[in-house]
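Q: here's a sequence, model it:
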Amino acid sequence: DVAPPPRNPLSPTMSVRILSQVHPITAGLEDYDHDNDDEFYEITGDFGDRPNLVTIREDCTLATADGHPMVYVTTHGSGRVVFLASGHDRRSLDHPTFRTLFTRAVDWVSPCNR
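A: The predicted structure follows:
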């Protein structure tokens, strides 16, 4: 489940942590800082075996000690699903690392790339 955030960001900048260097979406990417001007929705429920690939540091939002999930992947039937928490406006899309994440996510879910 996804719900609107009940809080405001605690910091004007978020520190984005890349948790997996082996997944095709995040391979070779490094941690980066980004303006904390986006909406971050609360993700609730059991993540199960869905890999959480990217988080932001917990002191940037009221998140858990594990950070706030920013990118995770899963499957649904024979399809692939990617959740990207950021990207609500041009400021997010203008960041080169986020643009790489976004482009790779589209490639990863595309049936043409399996």
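Q: every contact and neighbour count from this point should use C-alpha atoms.
A: OK.
Q: helices and strands of this protein: which one bottoms out on pLDDT?
A: Among the helical and strand segments of the chain, the one scoring lowest on mean pLDDT, DSSP states H and E is strand 2-3, with a mean of 50.
Q: remind me, longest strand of the protein?
A: Counting residues, the longest strand found in the chain (DSSP state E) is strand 68-76.
Q: give me the sheet partners of it and which way each runs.
A: In the sheet containing strand 68-76, its partner strands are strand 52-56 (antiparallel), strand 79-84 (antiparallel), by DSSP bridges.
Q: all helices of this structure, in order?
A: Taking DSSP state H as the test, the helices found in the chain are 90-93, 96-109.
Q: relative to Val82, which of those helices is closest?
A: The closest approach between Val82 and any of these, judged by C-alpha to C-alpha, belongs to helix 96-109 at 6.4 Å.
Q: how far off strand 79-84 does the closest one point, in degrees?
A: Relative orientation of helix 96-109 and strand 79-84, computed by axes from the mean of the first three to the mean of the last three C-alpha atoms, to 10 degrees: 170 degrees.
Q: how about helix 96-109, which residues are buried there?
A: For helix 96-109, the buried set under the neighbour-count rule, 16 or more other C-alpha atoms under 10 Å, comprises Thr97, Phe98, Leu101, Phe102, Arg104, Ala105, Trp108, Val109.
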